[in-house]
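>>> Give the three-dimensional model of this entry:
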Amino acid sequence: MRFFNYLIYDFNFFLKEKIVLASVVFFTLIVQAVCAQIGGAISGVLLAVTCPLLILFVIFGTMYLASHFGIAFRKKQTSILFLSFPVSVTEKFFVRFINQIIVPWLIVLLSACMAYIVLYLVNFIYPLNVISALSFFNANDVTDVYAVELFYRLLSVTTSSFFFQLTVMMLGSLVFSKYAIIKTFIAYTIISWVMTPMFYDQKSLLARAESMKIAHPTTQDVHDFVFSFVTEDLIVLYVVLSVIIMAISYVLFRRKTIIKTGY
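Residues are numbered from 1 along each chain as shown. Just a heads-up that it's a prediction; the model follows:
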């Protein structure tokens, strides 16, 4: 019970940012549905602009919240207040992890679900093009197996990769006292540039990509090409790295609580 009470209390920190995240996702999806319904050149431009912007907003919005994981240790006053709560260090760590890493993604998913629920309800009164397109896709029994496998593999790798990036942001928030998101992003980018050649044979991948351009590849060709470097081992690697980063973050978090008691 103590854990859940503290979870609710901690959730209120950066509540405005969470509300903004939810509102932008919800209303952007509604606007996109309206644009799809209206049609025309202007609506097409709005769709083309808002789709990538929404993706970037979700990515950087969740990273921004993750980068505030260790914000309590950046000032003496907030550190003393944070340490005064009658909960264990482990409980504090996992409460912060849930509220700054897990909850933002749940907010995005719930906001998207709410937007589509509203659209489905409106569809009963006035037929919407978006709902018709989704219904056609769901009703289509002739499905390309390779395309489905490709979608789920890319989704799995993207999800595990981005979760790893969020844990890196969490660690960066404990390492850097100021401008954590910028410093962590720069450090992560440099390390990625150095580490990427260790996991991929870039010359082989480029050669296969060039051969595919010439041969007019089928869905199976694209499937085989992507699966050659987006492997299950890569997913496992991201999961293992995420666990390691979480363990390092926990040790550093615990160490900071010990050091801060010297105030």
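>>> Confidence-wise, which helix or strand of this protein is lowest on average?
Across the helices and strands of the chain, mean confidence by mean pLDDT, DSSP states H and E is lowest for helix 202-215: a mean of 53.
>>> could you give the mean pLDDT of stretch 21-31?
Summarised as a single mean, pLDDT over stretch 21-31 is 93.
>>> Which residues does that stretch contact?
46, 50, 53-54, 57-58, 61-62, 65, 104, 107-108, 110-112, 114-116, 118-119 (CB atoms under 8 Å, 6 or more residues apart in numbering). In short, each C-beta sits where N, CA and C put it, glycine included.
>>> Just the C-alphas of that stretch, formatted as CSV.
Extracted in CSV, the C-alpha atoms of stretch 21-31 (Å, rounded to 0.1, in the frame of the first residue of the first chain):
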residue,chain,number,x,y,z
LEU,A,21,1.8,14.4,-24.3
ALA,A,22,-1.7,12.8,-24.1
SER,A,23,-3.4,15.9,-25.5
VAL,A,24,-1.1,16.2,-28.5
VAL,A,25,-1.4,12.5,-29.4
PHE,A,26,-5.2,12.5,-29.0
PHE,A,27,-6.0,15.7,-30.9
THR,A,28,-3.4,15.1,-33.7
LEU,A,29,-4.9,11.7,-34.5
ILE,A,30,-8.4,13.4,-34.6
VAL,A,31,-7.1,16.1,-36.9
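>>> mind listing what's buried in that stretch?
Residues 21-22, 24-26, 28-31 are the ones in stretch 21-31 that count as buried (16 or more other CB atoms under 10 Å).
>>> Could you do stretch 36-55 as well?
36-37, 43, 46, 50, 54.
>>> What segments of this protein are helices?
For the chain, the helices defined by DSSP state H cover 2-11, 15-38, 41-66, 76-83, 89-97, 103-125, 129-139, 145-175, 180-199, 202-215, 219-229, 232-260.
>>> lowest-confidence stretch among these?
helix 202-215 - the lowest mean pLDDT of those, at a mean of 53.
>>> follow-up on the earlier one: give me the buried entries from the contacts of stretch 21-31.
46, 50, 54, 57-58, 61-62, 65, 104, 107-108, 111-112, 115-116, 119.
>>> Tell me the one of these nearest Ile181?
Nearest to Ile181 among these: Leu65, at 9.7 Å, using CB to CB.
>>> just checking, the closest one touches Lys18?
Yes: the pair Leu65 / Lys18 is scored as a contact, 7.4 Å apart, by CB atoms under 8 Å.
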